[in-house]
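*Asks:* The following comprises the amino acid sequence and a computationally predicted model.
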Amino acid sequence: MDSNSLLPRSDSIQLPVIDFSDQTLKPGTSEWDKVKADVHKALEDFGCFEAFFDKVSTELDKSVFKAMEELFDLPTETKQRNVSSKPYHGYLSLKFHESLGIDDANVAERVNDFTQQIWPGQGNKRISEMMHVVSEQLTELDVMVRRMILESFGIEKYIEEHLNSTNYLFRMIKYTTPPTEDVETKLCLPSHTDKNIMSILHQYQVDGLEIKTKDEKWIKVKPSHQHYSFIVMIGDSMCAFLNGRLSSPYHRVVMTANQTRYSSALFSTPKSGVIIDSPEELIDEEHPRMFKSFEFNEFRDFYNTEAGFTAQSTLHAFCAL
Ligand SMILES: O=C(O)CCC(=O)C(=O)O
Ligand SMILES: [Fe+2]
């Protein structure tokens, strides 16, 4: 892996690749500042990038994949025990995908609560431990990227408050290909922006993720099919916090291969009660305030209404001034 990389692979619309594998990558070093500049540029251009992060070992990656197969192979009634008081946090089954969620996935007891839901009374120590470890490791990537973003906007003083304002949801997703020859209708997950702060996506061998570029073109994301490859993406809450200086990209999942696709996502999400408000440093004549301040649950509740769900941009419809 090339630590200096911001590589458009193969052609000009490939997502930038940024390497976070260097163990010595620490705030204050020249390497950190270089990666930070790459992160800022990639997020300005695409709202996302591919990260190389080899802290997640190939063994762990394989085990997580096997555990996901094992979990999704369980009877529907068993999976339905994964309930949550928060929307989109428990078991969901839609036409061409189903997902399971672990809230506070970087906290060992909470991951244990998840396996206790699935296997009441006994849990599953092996799966709890691996899901906890992978979530903890990805949390480090989330923290590095968010630290770099705030530094790159000169708002370092908010870093600790910002990092403490979120928790982590780990979601596992299984997709099946719609039985049709028509690529257009092979849409497994419709176009959306993520509502949270940041998302770290990982897929297991089968492609399908597409991103809409600023000039409204859908591009297929072709991550390098390696255990250390992740797509890091801005969510609406980060866009609002940054007064729109970085945008959350529209993305969707379209599958053409007749295969089952597994993916996982670590979502940093504002904690209940946290008010998302742009710092005054990001508001000036050239950048007038774009969004009202809001509490995340209100925003998510709006998304669950007809108006919120069908809006061209839920964020703009909810809190444009
Ligand atoms: O499966 C993927 O690659 C994308 C998942 C996604 O966009 C989501 O869960 O919000
Ligand atoms: Fe998404």
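*Replies:* Thanks, I have the structure now. Ligands and ions are numbered 1, 2, ... in the order given.
*Asks:* Tell me which residue lies nearest the centroid of this protein.
*Replies:* Geometric centre of the chain, nearest residue: S199, 1.5 Å, by C-alpha atoms, centre = their mean.
*Asks:* name the element W32 belongs to?
*Replies:* Using DSSP states H and E, W32 sits in helix 30-46.
*Asks:* ok now stretch 96-107, how far from the chain's centre?
*Replies:* 12 Å (C-alpha atoms, centre = their mean, to the nearest Å).
*Asks:* Centre of the chain to stretch 302-312, how far?
*Replies:* From the chain centre to the centre of stretch 302-312 is a distance of 20 Å (C-alpha atoms, centre = their mean).
*Asks:* average pLDDT across it?
*Replies:* Across stretch 302-312, the average pLDDT comes to 87.
*Asks:* Can you tell me what sits against it?
*Replies:* Contact with stretch 302-312 is made by P87, K195, T314, A317, F318, as judged by C-beta atoms under 8 Å, 6 or more residues apart in numbering. All C-beta spots, glycine's among them, are computed from the backbone N, C-alpha and C.
*Asks:* Three-state assignment for the second one, please.
*Replies:* Same thing as K195. coil (DSSP: H, G, I helix; E, B strand; the rest coil).
*Asks:* Quick one: residues contacting the closest residue to it other than its chain neighbours.
*Replies:* Sequence neighbours aside, D236 is the residue nearest to K195 in space, at 5.0 Å (criterion: C-beta to C-beta, 6 or more residues apart in numbering). Counting by C-beta under 8 Å, 6+ apart, D236 touches T193, D194, K195, N196, S248, F299, T314, L315.
*Asks:* Got a PyMOL select line for the buried ones in those residues?
*Replies:* Applied in PyMOL, the following selects the buried portion of those according to 16 or more other C-beta atoms under 10 Å:
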select buried, resi 193+194+195+196+248+299+314+315
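*Asks:* So which of the contacts of D236 would count as near ligand 1 as well?
*Replies:* For ligand 1, the contacts drawn from the contacts of D236 by C-beta under 6 Å from any ligand atom are D194.
*Asks:* Same list (the contacts of D236) but as CSV, adding distance to E280.
*Replies:* Below are these laid out as CSV (distance: C-beta to C-beta, whole Å):
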residue, distance to E280
T193, 25
D194, 26
K195, 24
N196, 24
S248, 22
F299, 21
T314, 25
L315, 20
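*Asks:* residue boundaries of the strands in the stretch 201-321 of the chain?
*Replies:* Using DSSP state E, counting those that start in this stretch, the strands of the stretch 201-321 of the chain run over 209-212, 218-220, 229-234, 251-254, 261-270, 275-276, 294-295.
*Asks:* In CSV, list these along with distance to ligand 1, mean neighbour count and mean pLDDT.
*Replies:* Listed next are the strands of the stretch 201-321 of the chain as CSV, based on distance: least, C-beta to the nearest ligand atom, whole Å; neighbours: other C-beta atoms under 10 Å; pLDDT from 0 to 100:
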stretch, distance to ligand 1, mean neighbour count, mean pLDDT
strand 209-212, 4, 20, 93
strand 218-220, 11, 14, 90
strand 229-234, 7, 24, 97
strand 251-254, 5, 20, 93
strand 261-270, 3, 24, 97
strand 275-276, 19, 16, 96
strand 294-295, 20, 16, 94
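*Asks:* before we move on, back to that, which among the contacts of D236 gets closest to ligand 1?
*Replies:* D194 (5.3 Å; C-beta to the nearest ligand atom).
*Asks:* Distance-wise, check V56 relative to G208.
*Replies:* Separation of V56 from G208 (C-beta to C-beta, to the nearest Å) stands at 20 Å.
*Asks:* returning to that earlier point: tell me if I'm right that the residue nearest to the centre of the chain and F267 touch.
*Replies:* Yes. With contact defined as C-beta atoms under 8 Å, S199 counts as touching F267 (5.3 Å).
*Asks:* would you list the strands of the stretch 201-321 of the chain in CSV and tack on distance to I155?
*Replies:* Formatted as CSV, those follow (distance: least, C-beta to C-beta, whole Å):
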stretch, distance to I155
strand 209-212, 26
strand 218-220, 30
strand 229-234, 15
strand 251-254, 26
strand 261-270, 17
strand 275-276, 14
strand 294-295, 19
